[in-house]
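Trainee: For reference, the sequence and a predicted model appear below.
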Amino acid sequence: MRIAILGGGVSGLALGHYLAADGRTEFAIFEAASVPGGLCRSKQREGFTYDLAGGHILFSKDREVWELMRSMCAEVGGVVRSERRTAIRWHDQWVKYPFENGIGDLPPQARFECLSGYLRAAEQRKSDGTAPRRFDEWVRWRFGDGIARHFMDPYNEKIWCYPLREISSNWVAGRVPDAPIEDIIKAACQVSTEGYTHQAVFDYPAHGGFQSITDGFAKRCAERLRLSTPVQRVERSGDGFLVNGERFDRVVNTLPLQRLIEVVPALPEDAKQAVRSLRWLGLSSILIALKRPHLEPRSWIYLPFADQGPANRVTYFSNYAPSNAPKGCSSLMAEITFPKEEAPRHDAQLVDELLRGLERAGILRREEVLFTDVTTQPYAYVVFDHDFDRHRDRALAAIEGLGLETFGRFGRFEYLNSDQCVERARTMAQKLLARLGERARS
Ligand SMILES: Cc1cc2nc3c(=O)[nH]c(=O)nc-3n(C[C@H](O)[C@H](O)[C@H](O)COP(=O)(O)OP(=O)(O)OC[C@H]3O[C@@H](n4cnc5c(N)ncnc54)[C@H](O)[C@@H]3O)c2cc1C
């Protein structure tokens with residue numbers, strides 16, 4: 001069986017890894033860029049290393065996947081393990097993350113508003129247990145007015161770029177922790193509570209940035225990886241396919257669906273229109289190289305307010321691995337999101353607004369900035385609006401109706417981390433190999 005894998009991000013590379021380990025199939029990975037890794041790529045500049053799509057950490061609920069991804073770093077000295085230390089910069093002070101477990105850090109009036117709102121919302125949920133579909137209404141239903149006003153609204157408006165009423169609450173299931181009410185009361189009384197235990201520890205490659213993981217996968221299928229080879233055309237041919245004119249039995253896509261529809265002329269127009277109607281966010285990631293020997297012991301912070309500048313999150317990047325910054329220096333990494341209608345910016349004005357905002361928020365001093373480096377990503381976050389399911393289902397039905405397989409963060413429009421892409425790759429490999437077994441038997 002000859003398999004074409006479209007895209008050499010972590011999804012395509014991990015699929016290649018599983019197929020290569022099995023050894024029964026022939027496959028080729030088509031990657032447009034000259035370097036594999038997609039959103040997991042990293043960059044080096046003047047002794048600093050940073051990830052091109054915001055700060056990435058390695059964590060998985062799936063032990064086997066976590067171990068596999070860690071093993072990819074063996075050649076770069078393994079991984080550095082850190083405790084997750086996250087916080088919210090709430091005006092001019094720190095509040096523990098998640099916010100509801102940190103309300104004890106707030107001044108008394110705000111603390112009262114958050115606690116009373118939370119208790120009222122819990123009471124109301126007893127008579128109305130149905131979660132609202134609109135995200136802004138869901139926030140009030142779940143957390144109450146105080147937490148909505150003091151954190152959830154400004155933070156989510158900043159990161160999601162679109163009005164919160166246009167965003168569906170579907171995506172929060174399993175993502176936003178459901179804190180017991182006693183914990184919130186304890187938090188308000190400044191009795192320490194654990195809060196969000198997911199990702200309490202995480203790993204990061206000791207050298208080379210997060211890309212060391214995808215480099216590890218790429219090495220395992222190096223002869224099958226075709227770099228600087230954009231997919232230009234995919235068409236059916238008998239019971240197989242032609243990719244750029246070359247024959248394959250199966251095609252597995254991991255490209256963003258918006259790229260896929262450009263190269264598959266056979267897809268019906270309404271399915272292409274459904275793909276165009278999906279919403280997503282682009283991203284500008286900005287490395288801030290600092291002449292400061294040590295950072296505070298933090299992993300990343302959230303910046304909910306407009307006067308803190310355009311970044312919604314800042315990673316304390318040189319804390320992930322000492323090799324991320326040269327001796328005597330440290331680094332931060334800021335993330336700024338853009339709606340799909342706007343190209344992510346990389347201009348000097350954006351950087352100036354960012355640095356001013358961070359200075360106002362007390363995160364850095366301008367004179368310690370050595371340089372900044374901006375990278376943009378057209379596809380960073382899937383946006384779950386109210387039409388998401390309808391558009392995505394139509395698109396996937398048409399793509400799969402042609403016999404194409406598709407998975408990955410934007411290959412299926414799923415809010416996946418890299419470890420979940422590896423899980424999906426394992427499942428896809430099992431599916432392809434099971435079909436191979438059936439063919440051999442028949
Ligand atoms: C801000 C941010 C923070 C994140 N943080 C984390 C984190 O902390 N931990 C974590 O595990 N995950 C994190 N993720 C998620 C992770 O980056 C993604 O889930 C993962 O990288 C997606 O991989 P993929 O292979 O599905 O897609 P991609 O990486 O998008 O790969 C698609 C590939 O297709 C290629 N391509 C596009 N068009 C063509 C064409 N025509 N022909 C050939 N190739 C083409 C692209 O160059 C790319 O290499 C984060 C993501 C973002 C945006």
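Mentor: Perfect, thanks for sending it. Numbering: from 1, shown residues only.
Trainee: Show residues contacting the biggest helix by length in the chain.
Mentor: For the chain, the longest helix by residue count, based on DSSP state H, is helix 418-441. The contact list for helix 418-441, computed with C-beta atoms under 8 Å, 6 or more residues apart in numbering, reads 1, 3, 9-12, 14-15, 17-19, 22, 24-25, 39-40, 56, 58-62, 65-66, 68-69, 210, 213, 250, 252, 405, 407-409, 412, 414, 416. For glycine as for every other residue, the C-beta is placed from the backbone atoms N, C-alpha and C.
Trainee: Distance across stretch 158-167, terminal residue to terminal residue?
Mentor: For stretch 158-167, the separation between the terminal residues is 13 Å (C-alpha to C-alpha, to the nearest Å).
Trainee: ok, how many other residues are close to residue 150?
Mentor: Here the number of neighbours of residue 150 (other C-beta atoms under 10 Å) works out to 24.
Trainee: which residues sit in contact with it?
Mentor: 90, 99, 106, 110, 113-114.
Trainee: again, 10 Å this time
Mentor: With contacts defined as C-beta atoms under 10 Å, 6 or more residues apart in numbering, the neighbours of residue 150 are 88, 90-91, 95, 99, 103, 106, 110-111, 113-114, 117, 143, 304.
Trainee: Please apply the same query to residue 35.
Mentor: Residue 35 makes contact with 8, 41-43, 52, 211, 214-215, 218, 227-228 under the criterion C-beta under 10 Å, 6+ apart.
Trainee: Spatially nearest residue to residue 186 (excluding sequence neighbours)?
Mentor: In space, not counting the residues next to it along the chain, residue 186 is nearest to residue 193; the distance is 5.1 Å by C-beta to C-beta, 6 or more residues apart in numbering.
Trainee: hang on, the earlier thing: what remains of the contacts of residue 35 if I keep only buried residues?
Mentor: When burial is judged by neighbour count using 16 or more other C-beta atoms under 10 Å, the buried members of the contacts of residue 35 are 8, 41-43, 52, 211, 214-215, 218.
Trainee: and the residues you listed near the ligand, which?
Mentor: residue 8 (C-beta under 6 Å from any ligand atom).
Trainee: Redo the buried ones among the contacts of residue 35 as TSV? Include secondary structure, pLDDT and distance to residue 157.
Mentor: Converted to TSV, those look like this (DSSP: H, G, I helix; E, B strand; the rest coil; pLDDT from 0 to 100; distance: C-beta to C-beta, whole Å):
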residue	secondary structure	pLDDT	distance to residue 157
8	coil	98	35
41	coil	98	29
42	strand	98	30
43	strand	97	30
52	strand	97	25
211	helix	98	32
214	helix	98	33
215	helix	98	37
218	helix	98	38
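Trainee: can you list the residues of the stretch 151-300 of the chain near the ligand?
Mentor: Neighbours of the ligand within the stretch 151-300 of the chain, by C-beta under 6 Å from any ligand atom: 230-231, 254-255, 259, 283.
Trainee: what about 5 Å?
Mentor: Proximity of the stretch 151-300 of the chain to the ligand, by C-beta under 5 Å from any ligand atom, involves residues 230-231, 254-255, 259.
Trainee: Tell me how far stretch 141-154 lies from the chain's centre.
Mentor: For stretch 141-154, the separation from the chain centroid amounts to 24 Å (computed by C-alpha atoms, centre = their mean, to the nearest Å).
Trainee: Which residue does the stretch 51-200 of the chain have closest to the ligand?
Mentor: residue 54 (3.0 Å; C-beta to the nearest ligand atom).
Trainee: residue ranges with poor pLDDT in this structure?
Mentor: 173-174, 177, 196 (pLDDT under 70).
Trainee: Go through it and flag its longest strand.
Mentor: Counting by DSSP state E, the longest strand found in the chain is strand 369-383.
Trainee: domain ranges for the chain?
Mentor: Here the chain is described, according to automatic domain parsing, as comprising the domains 2-84+205-441, 101-180.
Trainee: Tell me which of those sits most buried.
Mentor: With neighbours defined by mean count of other C-beta atoms under 10 Å, none of those is more surrounded on average than domain 2-84+205-441, at a mean of 19.
Trainee: How far does that one stretch from one end to the other?
Mentor: Taking C-alpha to C-alpha as the criterion, the two ends of domain 2-84+205-441 lie 18 Å apart.
Trainee: sorry, back to before: reformat the domains of the chain into a markdown table and put distance to residue 188 next to each item.
Mentor: Conversion of the domains of the chain to a markdown table gives the following (distance: least, C-beta to C-beta, whole Å):
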| stretch | distance to residue 188 |
| --- | --- |
| domain 2-84+205-441 | 19 |
| domain 101-180 | 4 |
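Trainee: looking at these, which is closest to residue 198?
Mentor: Comparison of those against residue 198 by C-beta to C-beta identifies domain 101-180 as nearest, at 7.2 Å.
Trainee: how near is the residue of the stretch 51-200 of the chain closest to the ligand to residue 319?
Mentor: Distance check for residue 54 against residue 319: by C-beta to C-beta, to the nearest Å, it reads 15 Å.
Trainee: Same question for residue 30.
Mentor: 37 Å.
Trainee: now do residue 259
Mentor: 35 Å.
Trainee: Identify the residue spatially nearest to residue 297, adjacent ones excluded.
Mentor: Leaving aside its chain neighbours, residue 297 sits nearest to residue 85 (5.9 Å; criterion: C-beta to C-beta, 6+ apart).
Trainee: So the one you found is in contact with residue 315, correct?
Mentor: No. With contacts defined as C-beta atoms under 10 Å, residue 85 does not count as touching residue 315, sitting 11.5 Å away.
Trainee: Need the residues touching each of these two.
Mentor: Common neighbours of residue 85 and residue 315 (criterion: C-beta under 10 Å, 6+ apart): 298-301.
Trainee: What are the boundaries of the strands in the stretch 151-300 of the chain?
Mentor: All strands of the stretch 151-300 of the chain, identified by DSSP state E, counting those that start in this stretch, fall at 201-205, 225-226, 234-237, 240-243, 246-248, 250-253, 279-290, 300-302.
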